[in-house]
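1. quick check, what structure comes out for this input:
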Amino acid sequence: MSSLPLFPASPQPKLVGIARLAAEGESIREGHNVEYFTLPSRSLLNRCVSNRNLPFTWTINPYRGCEFACRYCYARYTHEFMEMRDGLEFEQKIYVKQQAGDLLRRDLRRVKPGESIALGTATDPYQPAERRYEVTRGILEEFSRHRGFELGIVTKSNLIIRDLDLLRQVARNNSLSVHITVTTLDTDLARILEPRAPRPDLRIDAVQQLSQAGLTVGVSCSPVLPGITDSPANLESVVRAAAAAGAAHIFAGPLFLKPCSAAIFLPFLEQNFPHLVESYRQRYHDRSFLPPSYGKRIAELVSRFRQKYGMKRTGPRREEFAEKWTAMLSQEQLTLF
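-> Have a look, this model is predicted:
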């Protein structure tokens, strides 16, 4: 009698490219519903591809996936490149890039004068994995050996203070700006929206320490969530705290909601903000961006508060560098890895 199954399973499609590399990654450690994998990489620098005017030519992401589990995260779709269709896998399966310093040393030869580099566009470079694997630190160590580059870092983590001396070394011979994301100062609300990110007050404290160390640091109040974090009181509180901490600039941009992110975010709304579900369905029906009028209103509010609290610019290039950051974070056509 044959031992073959009556209905044999269909052959699985052959994985190629990044999907194959991810499938072959070695499990490093498993935590609270989070597993870490090695990820061989051919390159660390990735050219930023967009039909919009962006200040960055190159992006670097030390990790794939992000454990902070921000409910609104637009970057969940990047795990689909590895044939992972469940949006939750973005925060549960974290891929650690290997030989980052060596790859960066080679890749920096491709960067031309005037081309800027953004670190942390799709995954936080200071997420919990960084405490153990120090990929971001290795990247900064490599930058400290060079001069003449323009580097911007965005993070939600006060872990960046660990590298304060190294950041100062990088800034000595390169143009460096740090952008700390703070969407609200309400700790309870932040814990709901960004479950495993450090508390907002710890991030503001990091802004202060970076500023006192002489580094150029600003605050990103992005994304702004309609009906949740877009009240004048919430925006003003973030601007006031940023100014008191010595931030050189602050900017804010509306929520960018791709379909893969909506699959996580809308059920989250139903559970935590049920009265807003229908509003969001209408606002984002057949679109990922809100109308320009909404973004303009938010920008005007933030500008008014910035003037109220005396936040001074550090020069036209820095102003352009800061104000275009939010635009970069919300592009559908970026090559992020």
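2. not counting its neighbours along the chain, what's nearest residue 179?
-> Excluding the flanking residues, the one nearest residue 179 by C-beta to C-beta, 6 or more residues apart in numbering is residue 154, at 4.4 Å. Glycine gets a C-beta too; all of them are placed from N, C-alpha and C.
3. and residue 195, by the same measure?
-> Nearest non-adjacent residue to residue 195, counting by C-beta to C-beta, 6+ apart: residue 69, 4.8 Å away.
4. tell me the SS of the one you found?
-> Using DSSP: H, G, I helix; E, B strand; the rest coil, the secondary structure recorded for residue 69 is coil.
5. per-residue pLDDT, it?
-> Note on residue 69: pLDDT of 95.
6. how about the one 5 residues further on?
-> Residue-level confidence at residue 74 comes out at 88, pLDDT.
7. ok, it touching residue 261?
-> Yes: using C-beta atoms under 8 Å, residue 74 and residue 261 qualify as a contacting pair, with a distance of 5.3 Å.
8. okay, now the residue nearest to residue 195: neighbour count?
-> Residue 69 is flanked by 19 other residues according to other C-beta atoms under 10 Å.
9. how much space between it and residue 275?
-> Residue 69 sits 23 Å away from residue 275, going by C-beta to C-beta, to the nearest Å.
10. cool, and residue 266?
-> Separation of residue 266 from residue 275 (C-beta to C-beta): 14 Å.
11. more neighbours, the two?
-> Neighbour tally, residue 266 and residue 275, criterion other C-beta under 10 Å: the higher count belongs to residue 266, 17 against 8.
12. for that one, what are phi and psi?
-> Residue 266 adopts backbone torsions of phi -70, psi -40, taken as degrees, to the nearest 10.
13. got a list of what it touches?
-> By C-beta atoms under 8 Å, 6 or more residues apart in numbering, the contact list for residue 266 reads 277, 280-281.
14. could you identify which of those residues has the most neighbours?
-> Counting neighbours by other C-beta under 10 Å, the top entry in the contacts of residue 266 is residue 280, with 21 neighbours.
15. that residue sits in which helix or strand?
-> helix 277-283 (DSSP states H and E).
16. export that helix to CSV, keeping only CA atoms.
-> Provided in CSV are the C-alpha atoms of helix 277-283 (Å, rounded to 0.1, in the frame of the first residue of the first chain):
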residue,chain,number,x,y,z
VAL,A,277,-12.9,53.9,13.3
GLU,A,278,-15.5,55.2,10.8
SER,A,279,-13.7,58.5,10.6
TYR,A,280,-10.4,56.8,9.7
ARG,A,281,-12.1,54.5,7.2
GLN,A,282,-13.5,57.6,5.4
ARG,A,283,-10.3,59.6,5.7
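17. centre of the chain to the next helix or strand after that helix, how far?
-> As assigned by DSSP H and E, the chain's next helix or strand after helix 277-283 is helix 292-308. Centre-to-centre, helix 292-308 and its host chain are 22 Å apart (C-alpha atoms, centre = their mean, to the nearest Å).
18. kindly report the same for stretch 282-300.
-> With C-alpha atoms, centre = their mean as the basis, stretch 282-300 stands 20 Å off its chain's centre.
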